[in-house]
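>>> Fold the following.
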Amino acid sequence: MTSRPETAGKLPLTDLADMKGRHDRIVMVTAYDFPSGRIADAAGVDIVLVGDSAAMTVLGNGSTVPATMEEMVMLTRAVTRGAHRPLVVADMPFGSFQVSDEDAVKNAVRFLKEATADAVKVEGAGPTVSRVLALVGAGIPVMGHLGLTPQSATMLGGFRAQGRTAAKARLLLDDALTLEQAGCFALVLEAVPTPVATRITEALSIPTIGIGSGRGCDGQVLVYHDLLGLYEGKSPRFVKRYAELAATIQEALERFAADVRSGSFPEDEHTYSIPDEELAEFLSGSTTESKREA
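Numbering: from 1, shown residues only. Presented below is the predicted three-dimensional model:
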């Protein structure tokens with residue numbers, strides 16, 4: 001595993017296209033708070049996505065749809081305090097860009113001004129292309145997202161792979177080219193068959209970031225809680241767990257609870273002392289008595 005040197009500054013947005021040209025794999029991970037942003041930074045991750053998946057992994061909802069602007073701005077602000085070198089991309093939640101170009105720009109500006117994000121991500125094509133044009137026109141970098149788009153999963157028939165017929169695969173390619181022309185600097189491809197995602201990647205000059213779309217993409221992304229084994233909901237087949245931290249954390253909490261209940265915690269090394277003379281004076285009550293007399 002290689003990581004960026006500690007002395008490296010913020011990854012320039014334009015470097016992503018150069019990385020694609022050099023066939024350097026791009027690493028993106030989601031993060032939702034200061035500690036996870038800091039750890040992703042230290043690990044040498046290239047892009048940190050503050051995903052609306054936080055609605056599920058952090059806030060306990062059944063889908064990404066309930067995520068609000070206020071929640072996403074707060075989480076993004078926390079992440080940017082910890083992630084200094086990676087590009088930080090804020091996921092625009094459902095309802096924040098679908099209504100109009102004006103709403104999309106207004107809400108995206110909040111991510112850049114209030115949360116100091118470097119860019120935003122929007123799902124879909126079709127009407128979203130107009131939003132991308134408006135955002136880019138306002139000087140806001142935009143990452144696109146095609147394939148399985150969780151905010152519209154119901155319309156897509158659920159959380160399932162997309163582009164599995166020739167017609168739908170061609171539509172994905174057309175949409176990808178349209179988003180590139182509209183000004184997206186990168187494109188997430190989620191749950192797209194590997195040959196289709198590879199063909200799209202070859203057709204674009206901007207990098208693709210795959211999630212469940214095979215090794216032909218220019219980079220890969222996984223959800224922080226999924227890859228670390230923190231999220232106990234049903235994981236998609238493309239998730240690879242690199243740790244099982246939920247079990248480790250539960251075990252630590254169980255040991256803490258047992259120590260508290262048995263009286264073995266805290267020990268002397270976990271407590272603070274007071275000088276003997278101060279303790280004697282305190283216990284004698286002289287300080288309290290003198291205050292009463294005064």
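>>> tally of neighbours for H225?
H225 has 24 neighbours, counted by other CB atoms under 10 Å. (C-beta placed from N, C-alpha, C; glycine too.)
>>> from what I can see it touches G60, true?
No: counting by CB atoms under 8 Å, H225 stays clear of G60, with 11.8 Å between them.
>>> Break this structure into its domains for me.
Listed by automatic domain parsing, the domain ranges of the chain are 15-244, 249-293.
>>> Would you format these as JSON lines with mean pLDDT and distance to G9 included?
Below are those laid out as JSON lines (pLDDT from 0 to 100; distance: least, CB to CB, whole Å):
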{"stretch": "domain 15-244", "mean pLDDT": "93", "distance to G9": "7"}
{"stretch": "domain 249-293", "mean pLDDT": "88", "distance to G9": "33"}
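>>> Identify each buried residue in the host helix or strand of E251, please.
E251 belongs to helix 245-262 when assigned by DSSP states H and E. By 16 or more other CB atoms under 10 Å, helix 245-262 has no buried positions at all.
>>> what does stretch 198-211 give?
198-201, 204, 206-211.
>>> again, but for stretch 72-91
So, applying 16+ other CB under 10 Å, buried residues of stretch 72-91: 72-80, 82-83, 85-91.
>>> What of stretch 164-183?
In stretch 164-183, counting by 16+ other CB under 10 Å, buried: 169, 172-173, 175-176, 178-180, 182-183.
>>> Can you pick out the most distant pair from the buried residues of stretch 198-211?
The most widely separated members of the buried residues of stretch 198-211, counting by CB to CB, are R199 and I211 (17.3 Å).
>>> so which of the domains of the chain is the most packed in?
domain 15-244 (a mean of 20; mean count of other CB atoms under 10 Å).
>>> From start to finish, how long is that domain in a straight line?
33 Å (CA to CA, to the nearest Å).
>>> One more: stretch 200-210?
Terminal residues of stretch 200-210 are spaced 11 Å apart (CA to CA).
>>> how distant is it from the center of its chain?
Relative to its chain's centre, stretch 200-210 lies at 21 Å (CA atoms, centre = their mean, to the nearest Å).
>>> So what touches it?
16-17, 19-20, 26, 28, 47, 143, 172-173, 176-177, 180, 184-190, 192, 197, 216-221 (CB atoms under 8 Å, 6 or more residues apart in numbering).
>>> wait, what's in contact with V88?
37, 47-48, 50, 76, 79-80, 116-119.
>>> Just put the residues you listed in JSON lines and tack on secondary structure.
Shown next, in JSON lines, are the contacts of V88 (DSSP: H, G, I helix; E, B strand; the rest coil):
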{"residue": "G37", "secondary structure": "helix"}
{"residue": "I47", "secondary structure": "strand"}
{"residue": "V48", "secondary structure": "strand"}
{"residue": "V50", "secondary structure": "strand"}
{"residue": "T76", "secondary structure": "helix"}
{"residue": "V79", "secondary structure": "helix"}
{"residue": "T80", "secondary structure": "helix"}
{"residue": "T116", "secondary structure": "coil"}
{"residue": "A117", "secondary structure": "coil"}
{"residue": "D118", "secondary structure": "coil"}
{"residue": "A119", "secondary structure": "strand"}
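>>> quick one: which of the residues you listed is nearest F265?
Using CB to CB, these come closest to F265 at G37, 30.9 Å.
>>> could you check the distance from that closest one over to R131?
With distances taken as CB to CB, to the nearest Å, G37 is found 26 Å from R131.
>>> any chance you could map the helices in the stretch 1-150 of the chain?
Per DSSP state H, counting those that start in this stretch, the stretch 1-150 of the chain carries helices over the ranges 15-22, 34-42, 54-57, 69-82, 101-113, 127-137.
>>> Now tabulate the ones you listed in TSV and tack on distance to G229.
Formatted as TSV, these follow (distance: least, CB to CB, whole Å):
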stretch	distance to G229
helix 15-22	29
helix 34-42	14
helix 54-57	12
helix 69-82	20
helix 101-113	29
helix 127-137	33
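>>> who wins for proximity to P266 among those helices?
Distance to P266, taken as CB to CB, is lowest for helix 34-42 among those, at 24.1 Å.
>>> which residues touch the closest one?
Here helix 34-42 makes contact (CB under 8 Å, 6+ apart) with 29, 31, 48, 78-86, 88, 224.
>>> Run the chain-centre distance for the helix or strand where E281 lies.
Here E281 sits within helix 276-284, counting by DSSP H and E. Here the centre of helix 276-284 is set off from its chain's centre by 53 Å, with CA atoms, centre = their mean.
>>> And for stretch 39-59?
Per CA atoms, centre = their mean, the centroid offset for stretch 39-59 relative to its chain is 3 Å.
>>> and if you look at stretch 166-176?
27 Å.
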